[in-house]
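*Asks:* 3D, please:
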Amino acid sequence: MNVLIIALDGVTPLEVRGAEVLVVAPALNSRLRHWLSDDDAARRRAEERAAAWVDWLQQSGLHAQGRVGDFDPLQAIADVLPAFQPDEIMIAAQSEHSTRLAGELVTRAGSRFALPIHRAGEPLPRAA
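*Replies:* Reported below is the predicted structural model:
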């Protein structure tokens with residue numbers, strides 16, 4: 001099973017067992033900073049977020065890789081789908097702002113991609 005985790009902020013406890021995991025940390029930034037091409041700090045935070053997730057998942061015994069994604073989380077998902085074919089997408093968020101973004105992202109991604117999409121904290125249905 002392949003699981004794509006979209007990491008909007010810090011590591012969120014979740015249950016993923018026996019899966020290959022790709023963590024994508026979108027380079028979240030304000031529209032103004034993105035428009036001004038001021039993405040360095042956002043990319044650095046995303047790299048740190050991806051690395052923290054990969055470390056945590058590997059310590060949990062999973063094979064995980066991480067990368068920085070587009071500042072738009074929906075585009076970040078679209079960018080990785082040709083190379084990594086997930087069975088499920090997990091949207092992970094903890095902070096109040098990220099939680100709102102996660103809810104919006106689940107809705108938008110659900111209408112765009114033909115894959116099961118879940119938020120961290122929700123149990124993942126298992127295929128029989």
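
*Asks:* pLDDT below threshold where in this protein?
*Replies:* 13, 30-38, 95-97, 121-128 (pLDDT under 70).

*Asks:* in it, which spans are helices?
*Replies:* 31-35, 40-59, 73-80, 96-112 (DSSP state H).

*Asks:* winner for burial among those?
*Replies:* Among the helices of the chain, helix 73-80 has the highest mean neighbour count (mean count of other C-beta atoms under 10 Å), at a mean of 19. Placement of C-beta: from N, CA and C, glycine included.

*Asks:* quick check: angle from that helix to helix 96-112?
*Replies:* 50 degrees (axes from the mean of the first three to the mean of the last three C-alpha atoms, to 10 degrees).

*Asks:* who's in contact with helix 73-80?
*Replies:* Applying C-beta atoms under 8 Å, 6 or more residues apart in numbering, the external contacts of helix 73-80 come out as 4, 6, 8, 22, 24, 26, 28, 67, 69-70, 89, 91, 101, 105, 108-109, 112-113.

*Asks:* can we see that at 7 Å?
*Replies:* With contact meaning C-beta atoms under 7 Å, 6 or more residues apart in numbering, helix 73-80 is reached by 4, 6, 8, 22, 24, 26, 69-70, 89, 105, 108-109, 112-113.

*Asks:* stretch 20-31 too?
*Replies:* Residues contacting stretch 20-31 (C-beta under 7 Å, 6+ apart): 2-8, 39, 42-43, 46, 49-50, 53-54, 57, 62-71, 73, 76, 80, 84.
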